[in-house]
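Participant: 3D model of this:
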Amino acid sequence: MFWSLTTRAAALAGILILVLAGCSDAPAPTEAKTEAKKPAVPTGPITALTAYYDTYKIARQISPDLQVASITGNEVDGLKSGEGKYGQWTIVFVSAAKKQAITFVYTTVEHEGLLKGINNQGSQPWGGPTRDATPFGNSDFSIDSDAAYMKAAEKASAWLAKNSKPVSAFSLGQAAALPAPTWYIMWGDKKSGGYAAYVNAATGTVK
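Facilitator: Sure, this is the predicted structure:
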């Protein structure tokens, strides 16, 4: 139910100087081309949308109809997560035209065969939306993971005051029964009596 984005073509920088015979002493016109640089990959834990928008710029080149299936925060050994920030995010896109689900992993550290930055983990067949998993677009959500965490922690404050369990699940997804893409944040687990909060990623409303 829950969810979980660039090859940027590098332009060769150069200056073409046009020298025109018989012209005045005025400087010849020049045309400058600026090299497109990839944004530097942050270090340490980051919010979901920081990872998402950089990844989306690459992913959308696969198919213009890409939508988001899920965005999930992942723990990384040796890198402490917290307050809606993770060292790694897994983002799954889907394409109705290609009937594929494509998984990307954005990590701020190189580890376990993953390069620092954006990693395309490949695709698999996708049969389309279901009641439990409905894709959504960029305009459908705006609440970042850190803001969602603050909302959820406020809702869970009474429970957290009595329990010191860490967040065990943090993901964004959409289902037919939900009014908008929703952040799912879980402290502890269901077996031990954990606490789950649901934050509307369009409005910030929490349940």
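Participant: nearest residue to the middle of this structure?
Facilitator: residue 52 (2.1 Å; Cα atoms, centre = their mean).
Participant: what strand or helix carries it?
Facilitator: Element membership for residue 52 (DSSP states H and E) is helix 48-59.
Participant: and residue 152, by the same measure?
Facilitator: helix 145-155.
Participant: which SSE is immediately downstream of that helix?
Facilitator: Following helix 145-155 toward the C-terminus (DSSP H and E): helix 157-162.
Participant: partners of the following helix or strand past that following helix, with directions?
Facilitator: Using DSSP H and E, the next helix or strand after helix 157-162 towards the C-terminus is strand 167-173. Using DSSP bridges, the strands paired with strand 167-173 are strand 67-74 (antiparallel), strand 182-187 (antiparallel).
Participant: compare those and give me the one nearest residue 107.
Facilitator: strand 67-74 (8.0 Å; Cβ to Cβ). The way it works is simple: take the backbone N, C-alpha and C, and place the C-beta from them, glycine included.
Participant: so what are the sheet partners of the next helix or strand along the chain from that closest one and their directions?
Facilitator: Scanning forward in sequence from strand 67-74 by DSSP H and E, the next helix or strand is strand 88-95. Note on strand 88-95: by DSSP bridges, its sheet partners are strand 67-74 (antiparallel), strand 100-107 (antiparallel).
Participant: keeping just the C-alphas, turn strand 88-95 into PDB.
Facilitator: Provided in PDB are the C-alpha atoms of strand 88-95 (Å, rounded to 0.1, in the frame of the first residue of the first chain):
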ATOM      1  CA  GLN A  88      19.000   6.100   1.900                       C
ATOM      2  CA  TRP A  89      15.600   6.300   0.100                       C
ATOM      3  CA  THR A  90      14.100   3.700  -2.200                       C
ATOM      4  CA  ILE A  91      11.800   5.200  -4.800                       C
ATOM      5  CA  VAL A  92       9.600   3.100  -7.100                       C
ATOM      6  CA  PHE A  93       8.200   4.600 -10.200                       C
ATOM      7  CA  VAL A  94       5.600   3.000 -12.600                       C
ATOM      8  CA  SER A  95       4.900   3.500 -16.200                       C
END
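Participant: identify the residues contacting that strand?
Facilitator: 3-5, 46, 48, 51-52, 55-56, 59, 62-63, 65-76, 100-109, 114, 126, 135 (Cβ atoms under 8 Å, 6 or more residues apart in numbering).
Participant: change it to 6 Å
Facilitator: Here strand 88-95 makes contact (Cβ atoms under 6 Å, 6 or more residues apart in numbering) with 4-5, 48, 51-52, 55, 59, 63, 65-67, 69-74, 76, 101-107, 126, 135.
Participant: where does pLDDT dip in the chain?
Facilitator: 1-39 (pLDDT under 70).
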